[in-house]
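*Asks:* Structural data only, the sequence is not supplied:
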């Protein structure tokens, strides 16, 4: 019975959303993510949940700005792994965030207040970034590159059956 309880708790904890339930309940349902990218200043003061892939982290004496390529978020708090995006936005946090931790390519999710927009450039193109001041900001765990993540994790990955006595790595044949 005790083993079953531990197993159940591990599964339950593994499926929790990275952003707290209370904060998710306080999000403004009238905020359209597409509308936010088209006209960020019209949503100032509203709470939103956004996530994506970090492009870069810039620190100034007062704050840290994390530039993020937006990705859609499922009900478990996982980011869409496809190429679809509505654009880039900035998570702005007071204080210092280590750029080697909040580094390019990491996935991040956050919920907080829309504080406006910031003009900038992507390459030579002018761009208007929505700016969100997160109340909660979480780096998502990096997982192995499996073809079915996050929906299925093969317990034998990266090994395939060659009989119970043999383990064959997918890149090495011996």
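*Replies:* Cool, got the structure. Bear in mind the structure is a predicted one, so any value in this text is a computation, not a measurement.
*Asks:* mind listing the helices for this protein?
*Replies:* Shown for the chain, the helices assigned by DSSP state H span residues 2-14, 21-25, 33-38.
*Asks:* which stretch in these is the model least sure about?
*Replies:* Comparing these by mean pLDDT, the weakest confidence falls on helix 2-14, with a mean of 51.
*Asks:* so the nearest residue to residue 55 once chain neighbours are set aside bridges to which residues?
*Replies:* The shortest distance from residue 55 to any non-neighbouring residue, by C-beta to C-beta, 6 or more residues apart in numbering, is to residue 67 (4.3 Å). No exception for glycine: its C-beta is placed from N, CA and C like everyone else's. When bridges are assigned using DSSP bridges, the partners listed for residue 67 are residue 56, residue 90.
*Asks:* Give the full set of residues in contact with residue 67.
*Replies:* Residues in contact with residue 67, defined by C-beta atoms under 8 Å, 6 or more residues apart in numbering, are 54, 55, 56, 57, 58, 88, 89, 90, 129.
*Asks:* try it again with 6 Å
*Replies:* 55, 56, 88, 90 (C-beta atoms under 6 Å, 6 or more residues apart in numbering).
*Asks:* Was I right to think the last one contacts residue 65?
*Replies:* This points to residue 90. Yes: when contacts are counted by C-beta atoms under 6 Å, residue 90 is listed as touching residue 65 (5.1 Å).
*Asks:* Return the set of buried residues in stretch 63-80.
*Replies:* Along stretch 63-80, the positions that meet the burial threshold by neighbour count (16 or more other C-beta atoms under 10 Å) are 64, 65, 66, 67, 68, 70, 71, 73, 77, 78, 79.
*Asks:* Now do the strands in the chain.
*Replies:* With DSSP state E as the definition, the chain shows strands at residue ranges 47-59, 63-71, 88-94, 107-122, 125-139, 159-161, 167-169.
*Asks:* tell me the mean pLDDT over stretch 97-107?
*Replies:* Average pLDDT, stretch 97-107: 95.
*Asks:* Return the set of buried residues in that stretch.
*Replies:* Neighbour-count burial for stretch 97-107, with 16+ other C-beta under 10 Å as criterion, is recorded at 97, 102, 107.
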